[in-house]
Every structure is written in structure tokens, then in C-alpha cells.
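Trainee: no sequence on this one, just coordinates:
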């Protein structure tokens, strides 16, 4: 009887450790459609992966928590959230959620690009 109890405790402990050690991906409830804007970066929060762009808070954590957005720098096919700087102009595609705008893709644009809705969007 004692060995069965010990085995059960051991199995429960192992199961608990497996569950605790799994990565946690919090899915964000967001709209199903995307919107695109040209904006200017005002501030960055590297720890929380958020940015304020033209007065709106954007999250760079992805909709599912692991699907990070595509970020590209001007004139390049690569980039990263950490390379963004204040006063940069960016073309940002996002989905709306209750707490922020969740970034799907971001590309730095030239300083001469007008802010607002891009010309190639109807």
C-alpha cells in the first residue's frame, strides 16, 4: 500500500514539474483583420516589448505569444524591435485588441513619408 501511495505522489510531482516547465504562450484576443498606418515612434519599452507610435501603444509579442512580428529596417530585409529608435517613421500593420494594437509587421520608411494611411491602401 505504501509503495502505491509513493508511486502516485512521485507521478503527481513529475506531472506538476512538466506542466510548470512548459513555456506559457498567452494568446491575445484581437480582431481578425489588419490595419496599416504610417506613424512615428515616440517611446519604446524593451522589457515589455511595447512601443508608443503616433500616440498609440503597440505590442510586439505576437497574437499567440510566440509568433513575433516581422520587423524590417529601411533599405534592408532584416531588422528587430530592439533596433527601433524614437523619431523613426514606420509603416505598421496591426490587429486591434482591448489593451493595445498588436503588431503583425513593421517596416521603417523614409523620413519624407507622410504620416497617416499609406497611399497604397484604399
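Mentor: Ah, there it is. Please read all numbers here as calculations on a predicted model, not as lab measurements. Numbering: from 1, shown residues only.
Trainee: quick one: the strands in the protein?
Mentor: 35-45, 50-53, 56-59, 70-72, 89-96, 101-108 (DSSP state E).
Trainee: quick one: contacts of the third one?
Mentor: Contacting residues not belonging to strand 56-59 are listed as 28, 39, 49-52, 92, 94, 97, 99-103 [Cβ atoms under 8 Å, 6 or more residues apart in numbering]. From N, CA and C alone the C-beta is placed, and that goes for glycine too.
Trainee: So how do I select the buried members of those residues in PyMOL?
Mentor: The following PyMOL line selects those of the contacts of strand 56-59 that are buried, judged by 16 or more other Cβ atoms under 10 Å:
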select buried, resi 28+39+49+50+51+52+92+94+100+101+102+103
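Trainee: how about the contacts of strand 56-59 in JSON lines, adding pLDDT?
Mentor: JSON lines is the format used below for the contacts of strand 56-59 (pLDDT from 0 to 100):
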{"residue": "28", "pLDDT": "55"}
{"residue": "39", "pLDDT": "96"}
{"residue": "49", "pLDDT": "91"}
{"residue": "50", "pLDDT": "93"}
{"residue": "51", "pLDDT": "95"}
{"residue": "52", "pLDDT": "96"}
{"residue": "92", "pLDDT": "95"}
{"residue": "94", "pLDDT": "92"}
{"residue": "97", "pLDDT": "78"}
{"residue": "99", "pLDDT": "73"}
{"residue": "100", "pLDDT": "77"}
{"residue": "101", "pLDDT": "88"}
{"residue": "102", "pLDDT": "90"}
{"residue": "103", "pLDDT": "93"}
